[in-house]
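>>> Here is a sequence with its predicted model. Questions after.
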Amino acid sequence: MSDPMKKLLTFLSCLFLIACTTHLPGCTSTGPKGSKGSAATPKLEGEISVMTFNVENLFDTSPDKDREDFTYLPLALKTKPEIIAGCNMQKGFYKKQCLELDWNESVLAKKLQNIAEVVLSVDQGLGPDVLLLVEVENENVLNRLNSQYLQKAGYTTAVLIEGPDERGIDTAVLSRLPLVGKPQLHKIPYKGQNPEDQKWMNRSRGILEVVLKTPAGPNLTTFTTHFPSQRNPRYWREQSVMYMKEKLKTMQNEMFVFGGDLNISQDEEEETGFFEKHLGEVSLVAHQLGCQHCDGTYDFRNTWSFLDALVFSKSMSETGSAAYQFIPQSVDVVKLTKNHIYKGRSPKRFDEKTGEGISDHFPLYARIKLRSVK
């Protein structure tokens, strides 16, 4: 092959690689993009950071009353007939895991340590000011995470309200900002298309409302959610989105952040516009306004999706009237911990045998700033 031809092929190869990194048609991303923005940099004066993180099955080691937490118990407890019976109600892999997984204190300690490593990887080792957590079993394990592993963060507000999910996973909030009033858990008024759907919809997780006081004085209302997964019919998530859309519509002059695991895949977003057409109508969807360098928070069926989202009030836009302003350039998918990246690409799930990994989701991060601070 002649030198000019070699140079031409090299040039064309470079163009192709550049195109791939910019998501042009026909290209596949070679790895996750993120953590090039504000999550890895110091906050400026007057800024508040918010992060949502699905920590995937954060259970303690004790059985909870009226909860199907059989899988996440020590083997020493799995000789009890009621626990064996609970495991036997499951099928295939999940039954085997339930009977054989040894979720003991040393395993839990490693899981908590690994989660804390991710949380403290942002904001110069202090963690975000507001942390919205998904898949936390109860107050016991939330308080252990906070008091034993997140001391550097200095979180004084810790909220979890037990919801109707019988498997036992709830949402929670940790924050350095003071709590205002009494937290609430809003139950979505699902309407099933048949009795079986209605039964399972009644078990679906609610929306945790926690009001926090900002350093400048005004309140910031947080909503943390975990919408029905992609294993469930789309109309379940549609009802969840519409319920939240109506709630946020009544808060247009207030400051809020709505976040968590909304379980809206990229394909579903393209077909429904849940983010762009619906939530975007009444709020600022963080990953659509910023994070252009990001792929997503979850590799769903080989397609990157923002299953995890942060949504801010329109009063916090550049021309809004709220005391704080949303910073689109701050939005970031957090990948600062090597232990959280599998094969240089996807979120690395926790392995109880090796103690490696953390969760099957990457966190999503953003900041707001006080308008008077330049």
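Cool, the structure landed. Numbers count the residues shown, from 1 in each chain.
>>> Least confident secondary structure element in the protein?
The helix or strand of the chain with the poorest confidence is helix 3-21; it has a mean of 44 (mean pLDDT, DSSP states H and E).
>>> Tell me which helix or strand comes right after that helix.
Sequence order places strand 47-58 as the next helix or strand after helix 3-21, per DSSP states H and E.
>>> Next, the buried residues of the helix or strand hosting residue 106.
Taking DSSP H and E as the definition, one finds residue 106 inside helix 105-119. Of the residues in helix 105-119, 107, 108, 110, 111, 112, 114, 115, 116, 117, 118, 119 count as buried by neighbour count, 16 or more other CB atoms under 10 Å. (C-beta placed from N, C-alpha, C; glycine too.)
>>> now stretch 123-136
Quick answer for stretch 123-136 (16+ other CB under 10 Å): 123, 126, 127, 128, 129, 130, 131, 132, 133, 134, 135, 136.
>>> ditto for stretch 229-241
230, 236, 237, 238, 239, 240, 241.
>>> okay, the buried residues of helix 105-119 in TSV with distance to residue 215 and pLDDT next?
TSV is the format used below for the buried residues of helix 105-119 (distance: CB to CB, whole Å; pLDDT from 0 to 100):
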residue	distance to residue 215	pLDDT
107	39	98
108	34	98
110	35	98
111	33	98
112	29	98
114	31	98
115	26	98
116	24	98
117	27	98
118	25	97
119	21	98
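>>> closest to residue 246 among these?
residue 119 (32.1 Å; CB to CB).
>>> What is the burial count for the closest residue in space to residue 229 that isn't next to it in sequence?
Sequence neighbours aside, residue 263 is the residue nearest to residue 229 in space, at 5.1 Å (criterion: CB to CB, 6 or more residues apart in numbering). Here the number of neighbours of residue 263 (other CB atoms under 10 Å) works out to 24.
>>> The chain: helices as residue ranges?
3-21, 81-88, 92-100, 105-119, 139-144, 195-201, 234-249, 266-272, 280-282, 286-289 (DSSP state H).
>>> could you dump these to a markdown table with distance to residue 305?
Listed next are the helices of the chain as a markdown table, based on distance: least, CB to CB, whole Å:
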| stretch | distance to residue 305 |
| --- | --- |
| helix 3-21 | 19 |
| helix 81-88 | 31 |
| helix 92-100 | 23 |
| helix 105-119 | 19 |
| helix 139-144 | 27 |
| helix 195-201 | 23 |
| helix 234-249 | 13 |
| helix 266-272 | 4 |
| helix 280-282 | 16 |
| helix 286-289 | 10 |
